[in-house]
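Undergrad: structure for the following, please:
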Amino acid sequence: MNLSSTLDYVIAISGFLIIITSFAWNIYDVFLRKSIHHLAEIRHEEHIAQSSDSAIR
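TA: Numbering: from 1, shown residues only. As a prediction, the model looks like this:
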């Protein structure tokens with residue numbers, strides 16, 4: 001690969017940025033989003049448990 005002009009550098013840097021951005025997005029999607037969704041489910045289950053508790057009393 002011969003990087004002789006400025007355009008070649010711009011294309012190469014853009015490619016690396018796209019790869020890094022997609023990698024970071026996938027990490028966010030897999031770990032953070034699912035953990036946030038899991039926490040929301042736990043809170044929902046706790047709310048249901050509290051609601052049924054108050055209905056029994």
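Undergrad: where along the protein do the helices fall?
TA: Assigned by DSSP state H, the chain shows helices spanning 6-27, 34-56.
Undergrad: ok, Ile18 to Ala24 distance?
TA: Distance of Ile18 to Ala24, given as Cβ to Cβ, to the nearest Å: 11 Å. Any C-beta I mention is one placed from the backbone N, CA and C, and that applies to glycine too.
Undergrad: what does Val10 give?
TA: Taken as Cβ to Cβ, the span from Val10 to Ala24 is 21 Å.
Undergrad: cool, and Ser4?
TA: As judged by Cβ to Cβ, Ser4 and Ala24 stand 30 Å apart.
Undergrad: more crowded one of those two?
TA: Applying other Cβ atoms under 10 Å to Ser4 and Ala24 shows that Ala24 carries more neighbours, namely 10 against 7.
Undergrad: and the pLDDT for that one?
TA: At Ala24, the model reports a pLDDT of 92.
Undergrad: check Met1 too.
TA: Per the predicted model, pLDDT is 58 at Met1.
Undergrad: go on, Asp29?
TA: Per-residue confidence (pLDDT) for Asp29: 83.
Undergrad: distance of it from Ile11?
TA: Distance from Asp29 to Ile11, by Cβ to Cβ: 27 Å.
Undergrad: same question for Phe23.
TA: With Cβ to Cβ as the criterion, Phe23 and Ile11 are 19 Å apart.
Undergrad: CA-only coordinates of stretch 24-43 in CSV, if you can.
TA: C-alpha atoms of stretch 24-43 as CSV (Å, rounded to 0.1, in the frame of the first residue of the first chain):
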residue,chain,number,x,y,z
ALA,A,24,-17.3,0.4,20.1
TRP,A,25,-20.9,0.4,19.1
ASN,A,26,-21.0,-3.4,19.2
ILE,A,27,-19.5,-3.4,22.6
TYR,A,28,-22.1,-0.9,23.8
ASP,A,29,-24.9,-2.8,22.2
VAL,A,30,-23.9,-6.2,23.7
PHE,A,31,-22.9,-5.2,27.2
LEU,A,32,-24.4,-1.9,28.3
ARG,A,33,-27.7,-2.1,26.5
LYS,A,34,-28.5,-5.6,27.7
SER,A,35,-27.4,-4.8,31.3
ILE,A,36,-29.7,-1.8,31.3
HIS,A,37,-32.5,-3.9,29.9
HIS,A,38,-31.9,-6.5,32.6
LEU,A,39,-32.0,-3.9,35.4
ALA,A,40,-35.3,-2.6,34.0
GLU,A,41,-36.7,-6.1,34.2
ILE,A,42,-35.6,-6.5,37.8
ARG,A,43,-37.2,-3.2,38.8
